[in-house]
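>>> I need the structure of the sequence given here:
(one chain, ligands or ions: 1)
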Amino acid sequence: MICPDCEGKGTVIALVDGAHYRGPMSISCSRCNGTGEAGAQDERWLGIGGTHRTWRVAQHEGLQECAVRLGIPLAELLAMESGRADPARLLLDTPEELRATDGGTAPDRGLSPQQLDEALAWLLK
Ligand SMILES: [Zn+2]
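A predicted model of the protein is given here:
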């Protein structure tokens, strides 16, 4: 499977804002370690995470609410939905359980800028 982050190139473009350089910079892809190939585990995690995100959005559940419901940090939920962390935790909570607890009508509150910063910092570390 070709790495979905770098599309097989092994590098991704990151925006650098430092004292000596400011602008786009090519860095080694962190998902595939620069190989351009994603393994079977990446494929499985991406499949599970992507399915969960599709389901969550269909339920109108926001990322923050979902993280609270699962009892995990927001950044961890983002990582699992993007295939960067083991999504096993996502599989424990079934759609039926969610509907039983809140009727599946929870509004999407979205993320505050601070939460977004924290999530990105966690993903990029
Ligand atoms: Zn890659």
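
>>> buried residues, the lengthiest helix in the chain. List them.
As assigned by DSSP state H, the longest helix anywhere in the chain is helix 40-58. Judged by neighbour count using 16 or more other CB atoms under 10 Å, the buried positions of helix 40-58 are 42, 45-46, 48-49, 52-53, 56. For the C-beta atoms, the positions are set from N, CA and C on the backbone; glycine is no exception.

>>> what's the burial count for G18?
Applying other CB atoms under 10 Å, we find 8 residues neighbouring G18.

>>> also L91?
Close neighbours of L91, defined as other CB under 10 Å, add up to 10.

>>> same check on G83?
By the criterion of other CB under 10 Å, G83 has 22 neighbours.

>>> I'd say it and W45 touch.
Yes - between G83 and W45 there is a contact under CB atoms under 8 Å: 4.2 Å.

>>> up against the ion, what does the protein have?
Neighbours of the ion within the chain, by CB under 5 Å from the ion: 3, 5-6, 29, 31-32.

>>> ok, back up a step: for the longest helix of the chain, give the mean pLDDT please.
Here helix 40-58 scores 88 as its mean pLDDT.

>>> which neighbouring elements make contact with whichever helix or strand comes after it?
Downstream of helix 40-58, the next assigned helix or strand under DSSP states H and E is helix 63-70. If you count contacts as 3 or more CB pairs under 8 Å, 6 or more residues apart in numbering; DSSP states H and E, helix 63-70 packs onto helix 74-81.

>>> now do the helix it packs on against helix 63-70, angle only.
Here helix 74-81 runs at an angle of 90 degrees relative to helix 63-70 (axes from the mean of the first three to the mean of the last three CA atoms, to 10 degrees).

>>> tell me the angle helix 74-81 makes with helix 40-58.
110 degrees.

>>> and helix 74-81, how far from the chain's centre?
How far helix 74-81 lies from its chain's middle: 5 Å, per CA atoms, centre = their mean, to the nearest Å.

>>> buried sites along the very next helix or strand once past that helix?
Later in the chain than helix 74-81, the nearest helix or strand by DSSP H and E is helix 88-92. For helix 88-92, a neighbour-count test (16+ other CB under 10 Å) marks L90 as buried.
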